Every structure is written in structure tokens, then in C-alpha cells.
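K.L.:
Structure, please.
(chains A and B)
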Protein chains: 2
Amino acid sequence: MKPSHMPLQSDMSLEDKKKQAGSWFAELRGRICAIFEEIEQEAPGEKPPGRFVRTPWQREGGGGGEMSLMKGRAFEKVGVNISTVQGEFSEAFRKEIPGATEEPRFWASGISLVAHPLSPLVPAVHMNTRMVVVGGSPITDSPPAGGAALSNASCDAQKAHRGGITKTWFGGGADLTPSHPFEEDTRDFHAAFKTACDRFDPAYYEKYKKWCDEYFFLKHRDEPRGIGGIFYDYLEDDWDRHFAFTQAVGEAFADIYPAIMRRRLHLPWTKEQRHTQLVKRGRYVEFNLLYDRGTRFGLMTGGNTEAILMSLPPEVVWE
Amino acid sequence: MKPSHMPLQSDMSLEDKKKQAGSWFAELRGRICAIFEEIEQEAPGEKPPGRFVRTPWQREGGGGGEMSLMKGRAFEKVGVNISTVQGEFSEAFRKEIPGATEEPRFWASGISLVAHPLSPLVPAVHMNTRMVVVGGSPITDSPPAGGAALSNASCDAQKAHRGGITKTWFGGGADLTPSHPFEEDTRDFHAAFKTACDRFDPAYYEKYKKWCDEYFFLKHRDEPRGIGGIFYDYLEDDWDRHFAFTQAVGEAFADIYPAIMRRRLHLPWTKEQRHTQLVKRGRYVEFNLLYDRGTRFGLMTGGNTEAILMSLPPEVVWE
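P.N.:
Numbers count the residues shown, from 1 in each chain, chains lettered A, B, ... in the order given. Next comes the predicted model:
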């Protein structure tokens, strides 16, 4: 799959940039869903191959999103959500975070994906990219939230915003969570994102890999959520470049994750491996509910619970 | 089972009171575990009846606890933890909560129980009582936490403590979480705690039932965790009376929950009912990781993760 970068858009208005980014998130969603449905066709199993079910939702006060959920034979559960929302941080939310009382207007658009494959030999994965604008948007008086992508964005927004001016940035990343890691998969997953990063800045990969390792760490277990990936945020000041980078990250994901799945899809697995996977999924739940910014802020501020918690695994065990 | 109240102990020293309460929590633990093992014997099923496994743990800096875990045929998983710890709130913990920087010494002892029965017709249950002392204890420089009982206590402590003086209080409660509520069980569970409350104060029951309903509510789902029970805290100024009340609460639990279990233990259940139970358990996980004070503070402040997360259900489904 080839990147589909746009020509430089420095002259575009903010409104045009929003449209451009929003369209690209939707396009990426469509592309990934199509690949995942192909994988369902290829996968072994007695169940019929799964198909995505799309559910649009509206946000009171501005914007909305679309959930795409599939439960199949390769993917026990996979959710791909896009959302584009605008509004103002709620009173409750503003109080919770210093600075958010000043000018709490925001716009945010993004894609958020979590896949929980059936086979314990196929790693779970998460990918999320987003564009955020703080200040300058029409004011509404609704809570900020939506899907996790959006909640993450809302959560970021007040950190960067410093009264009156408009700030625009990109954030995102992807991380892999195998319960039975294959060295080759770990290596290639990291290599894919290193290649994407290196095209833009030789310092990106080390920096964003480290940020990912730090973010997706379960302190109470003293263990990482998975084998990592990249995590970046607050990329502002050069919209064209950061949008191109964000596209490269999305495309790297759309290449490498299906490739890893296809390597492992036909391997037989045991009951013991499945058990290990279900326990590992418990750690995933712990991370998302205890630590994940997007999940916690989204839920606490009246977000779309169904979209946000689409990330939770279908079946889980705690020993 | 008859209450085993002690004679009035107004003349006791604080050290004697600590011993008295600590012994009682341990005694209640032993009594409840014995009843639960009897129920395992009575329960149908091909698996052999479960037995509790006890695991003591030490806390760096002072005190420790004992986990009792059973996985059987009536109880898919049940944990009964006691802990008695003392120390000083950690630096990180103090910063997180206003006032905790002043005099962060504490002592806490308690019992914490969560049961997840196998049958979807037998309700899950939680019970926790604790004695907390803030100020006046020997200073150590370790983080506060332990099992959930203790973490709850630690979390409470700095709220009530106002520099230099020693405060001593009791807190606790119990709540029932059926996935298939029987009206009779709901009624009798509430009646048992109403009886315990009414012996001490005619206002207790309404007040503590309301507190329970408010505390165990999942805002993001707009639904209660279960059918409620009671929740009380900060009962200070009359140690004898509040200890007696705490004993009455523990004893009410030890009477009513086994009675409810025995009513439902032999009822046949369906795959659909089991599925509903596993989904309901997901809400339990969401509550404990998103909202529960004891769980969150315990995990964030270096508590005993295994003891704290013993509350999580053995098998869970998110749809």
C-alpha cells in the first residue's frame, strides 16, 4: 500500500485543514476495515467470516462519530472508531484540570482502533491518530467527549492551550500487545514505525518509542502492556509536515499489522496458550481503566461510553 | 451465629483498642472462611469442594496482612483479606491529596472480602470493615498501602486528619451484586443491615444505604453496581459503640450472605444466564478500576497488587 500524501497545503485555511484531516481519518478507517475483512476471509475456523457493523453517533452540541465493530473468526473483537467533534470543555472537566477554565473551546478529529484476535498467537494491537485544535472554534456548552480518540484529544487540549490563541497539532501512535511474542513480529513492528519516523526526523523514532514504553507501562504490575511501538503528541507549527507524518504512521500500521496477522493466522494453538492470552487481556483492561488518559477522561466527562469501551477485550480471565 | 461483643472498653489504651480490633477482624475472617468452606461441601458440581489457601505478606516499613483465596465449585473465586499496617503516607501520595503533607502518620486494620460465585443465580458480594488511626503512630517512611481494606483506610485518613491530634474511627459496609436479582434476596440483604443499624441509631440505615447507593454507582453506564447495602465511614468519638456497630455489621454479613447463597446454590442455570453474569462482572471490573478509592489509591501508592486485585472476577466478558 502506497502513501497517499497530499501536496503541501500551507495556504489552506484552518477549516480546510480540518476537512482534510477528517477525510483522511475516514479514508484510513475504510482501508483498514477492508483489509481486516479480507483477513476474515482467509482465516481458518468454523464460524462464518465476520463483517464490520457501522454505527454512527451524534454528539449533543456538535459533531459525532462512527463506530465500526467486527466480531469474527480471526478477530474475536475489533473496533475502529472515527470521530470529529467540537465544543467546549464541561464545567466539571475544567475544574479538574488547571488552565482549562480560561478558554476551553476545542475541535478534534481522529481514528482509534483496538483489535483483539481470537488466536493467542496473533498479537492484540492499538492505533490512534488525531488532529486537535484549541481556541478559535465556535462555542457550545456541551461536554467534550466522544470515542477514545477524541477523549485523548480533549484531554491533551487544555494542556497546550494558553488563552486566546489557536493551537493546532497532531498526536497518535500504535503499540502491539502479544501474549506470545515472536521475535520476528516485534522486530518488524518496530522497524515499520522506525521507517515512517526516519522519513521525517532521525530523532523521532527513539523519542516516540521511549514515550510509548513509558506511557503503556503498568506500574502496579511493574510490567509493560506489550512490546511497545510509538507514541507522539503536540506536533504543531508545521501542519503539512505533521499531517504527512501522521499519514505515514497510519499507513505503516495498515501495512505491518495485517502482515503480522497473516504470519500467525494459521498456526494451531493450545488451551494453555489461550488461557495465557485471557490473563494478558486482564492487564489490558487494567491499563485502560486505571491509566489511559483517553478512556478515563472520556468516561468521566460524559463521552460515548460504548465507543470508548470498545477497546475492552471480549473475554478476560483474572487468576 | 451470635454476636460476640466485648464488654465496654472505654478505659482501654489506644494500643489495646488496636489489638482488640485487629483480633476481631482476624476472628471474623476465620469464621467466614469456615462457613464458605461448608457451603463448598454442600454445593453441587463435579469439581471437588474448594478450600481456602492462605498467603501472608509483609509490608516494608510496618505490618502486613494475610490473603485467603478459594476457587471452588460454589465460589468460582472468593478472597478474604485482612491487613494491619502502619506508616506514613508516601511523598507522592501526600502531593495528590490536600492536607496530607501536614502529619501523614497512620495505622489501619481491616477485613476486605469479595465473592464471585460460579452460579449466575447466586449474587456476588463485597464486605469491608476497618479501624483507622491517624497521627500518634510511630513514623516510618514507607508508602501506605496493603490490601484494599487498608488502602481505603489510607485514603480516608488524610481527609480527617487535621495536624497533631490523633483521630480514630471505623468505616465499612457491604453490598450485593446479583446478575439475576431475586426480590426476596434483595429484601433480606437490606433487612439484615437495617436490623444491625437500628440497634445503634435509627438514622443509620437510611443514611448508610444512601451513601452506598451513591458510592457504588457507575456514572459512565448510568447504572448502579448492584442492589446496594450500606456504606459508612468516619465513625469516631465513641470507640466502644462504633466497634460494636462494626462487629454487628460483620456479623450481619456472616449471617445473611450464606443464607442467600444456600437458597440459590442448587438452582439450575442456563448458558444465557451465565453470559449475563459474565457481562455484569465487566461492570464490576469497571467500577473497581475506574472509581473504587481503595483499589485506585492502593495501586497508585505501591500497595500489595495481588491482595488489592483479588476483588476482580475470574472470568469476564465485554460484548
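
K.L.:
only C-alpha atoms for contact and neighbour calcs from this point on.
P.N.:
OK.

K.L.:
Which residue ranges of chain A form strands?
P.N.:
Counting by DSSP state E, chain A forms strands over residues A:53-58, A:63-70, A:75-88, A:105-117, A:124-134, A:167-177, A:217-218, A:223-224, A:228-235, A:315-317, given from the N-terminal end onward.

K.L.:
looking at the ones you listed, which is closest to chain B?
P.N.:
Between chain B and these, the tightest spacing by Cα to the nearest Cα is seen for strand A:315-317, at 4.5 Å.

K.L.:
Give me the contact list for that closest one.
P.N.:
Applying Cα atoms under 8 Å, 6 or more residues apart in numbering or on different chains, the external contacts of strand A:315-317 come out as A:275, A:278-279, A:281-282, B:313-318.

K.L.:
Which one of the residues you listed is nearest to residue B:110?
P.N.:
Closest to residue B:110 out of the contacts of strand A:315-317 is residue B:313 (21.3 Å), distances taken as Cα to Cα.

K.L.:
What pLDDT does the model give that closest one?
P.N.:
The confidence metric pLDDT takes the value 98 at residue B:313.

K.L.:
Next to chain B, which bits of chain A? Give me the list.
P.N.:
Counting by Cα under 8 Å from any Cα of the partner chain, the residues of chain A lying close to chain B are A:219-221, A:286, A:289-290, A:296, A:299-300, A:302-303, A:305, A:312-319.

K.L.:
out of the residues you listed, which are buried?
P.N.:
Burial by neighbour count, 16 or more other Cα atoms under 10 Å in any protein chain shown: within the residues of chain A next to chain B this picks out A:220-221, A:286, A:289-290, A:296, A:299-300, A:302-303, A:305, A:312-318.

K.L.:
ok, which stretches of the stretch 151-300 of chain A are helices?
P.N.:
Counting by DSSP state H, counting those that start in this stretch, the stretch 151-300 of chain A has helices at residues A:183-198, A:204-215, A:239-264, A:271-290, A:293-300.

K.L.:
Pull the fourth one out as CSV, backbone CA atoms only.
P.N.:
If I follow you right, that is helix A:271-290. The C-alpha coordinates for helix A:271-290 follow below in CSV (Å, rounded to 0.1, in the frame of the first residue of the first chain):
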residue,chain,number,x,y,z
LYS,A,271,-5.8,-24.2,25.5
GLU,A,272,-2.9,-23.2,27.7
GLN,A,273,-1.9,-20.5,25.2
ARG,A,274,-5.5,-19.3,25.1
HIS,A,275,-5.5,-19.1,28.9
THR,A,276,-2.3,-17.1,28.9
GLN,A,277,-3.9,-14.7,26.4
LEU,A,278,-7.0,-14.2,28.5
VAL,A,279,-4.9,-13.4,31.5
LYS,A,280,-2.8,-11.0,29.5
ARG,A,281,-6.1,-9.3,28.4
GLY,A,282,-6.8,-8.7,32.0
ARG,A,283,-3.7,-6.5,32.1
TYR,A,284,-5.0,-4.7,29.1
VAL,A,285,-8.3,-3.9,30.9
GLU,A,286,-6.3,-2.8,34.0
PHE,A,287,-4.2,-0.4,31.9
ASN,A,288,-7.2,1.1,30.0
LEU,A,289,-9.3,1.7,33.1
LEU,A,290,-6.6,2.7,35.6
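
K.L.:
which strands and helices sit next to it?
P.N.:
Secondary structure elements in contact with helix A:271-290, counted by 3 or more Cα pairs under 8 Å, 6 or more residues apart in numbering or on different chains; DSSP states H and E, are strand A:217-218, helix A:293-300, strand A:315-317, helix B:271-290.

K.L.:
Over to the third one?
P.N.:
Other helices and strands packing on helix A:239-264, by 3+ Cα pairs under 8 Å, 6+ apart, are helix A:14-42, strand A:124-134, strand A:167-177, helix A:183-198.

K.L.:
Need the winner for burial among the ones you listed.
P.N.:
Here the criterion is mean neighbour count by mean count of other Cα atoms under 10 Å in any protein chain shown, and of the helices and strands packed on helix A:239-264 the winner is strand A:124-134, at a mean of 26.

K.L.:
related to what we said a few turns ago, any idea which of the contacts of strand A:315-317 is closest to residue A:115?
P.N.:
Nearest to residue A:115 among the contacts of strand A:315-317, counting by Cα to Cα, is residue A:281 at 11.4 Å.

K.L.:
Pretty sure residue A:190 sits against residue A:229.
P.N.:
Yes. The pair residue A:190 and residue A:229 qualifies as a contact (Cα atoms under 8 Å) at a distance of 5.9 Å.

K.L.:
Give me the helix or strand of chain A that scores worst on average pLDDT.
P.N.:
One helix or strand of chain A scores below all others by mean pLDDT, DSSP states H and E: helix A:148-160, with a mean of 51.

K.L.:
Just give the closest residue to residue A:123, not the sequence neighbours.
P.N.:
The shortest distance from residue A:123 to any non-neighbouring residue, by Cα to Cα, 6 or more residues apart in numbering or on different chains, is to residue A:178 (3.8 Å).

K.L.:
how close does that neighbour sit to residue B:296?
P.N.:
Note on residue A:178: its distance to residue B:296, by Cα to Cα, to the nearest Å, is 26 Å.

K.L.:
Same check on residue A:288?
P.N.:
13 Å.

K.L.:
Contacts only, for the residue most central in space within chain A.
P.N.:
Per Cα atoms, centre = their mean, the C-alpha nearest to the average position across chain A is that of residue A:128, at 1.9 Å. Contacts were defined as Cα under 8 Å, 6+ apart; by that measure residue A:128 touches A:110-113, A:149, A:172-174.

K.L.:
Can you pick out the most distant pair from the residues you listed?
P.N.:
Spatial extent of these (Cα to Cα) is set by the pair A:110 and A:174 at 13.4 Å.

K.L.:
ok, back up a step: would you format the helices and strands packed on helix A:239-264 as JSON lines with mean pLDDT included?
P.N.:
Converted to JSON lines, these look like this (pLDDT from 0 to 100):
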{"stretch": "helix A:14-42", "mean pLDDT": "97"}
{"stretch": "strand A:124-134", "mean pLDDT": "94"}
{"stretch": "strand A:167-177", "mean pLDDT": "95"}
{"stretch": "helix A:183-198", "mean pLDDT": "98"}
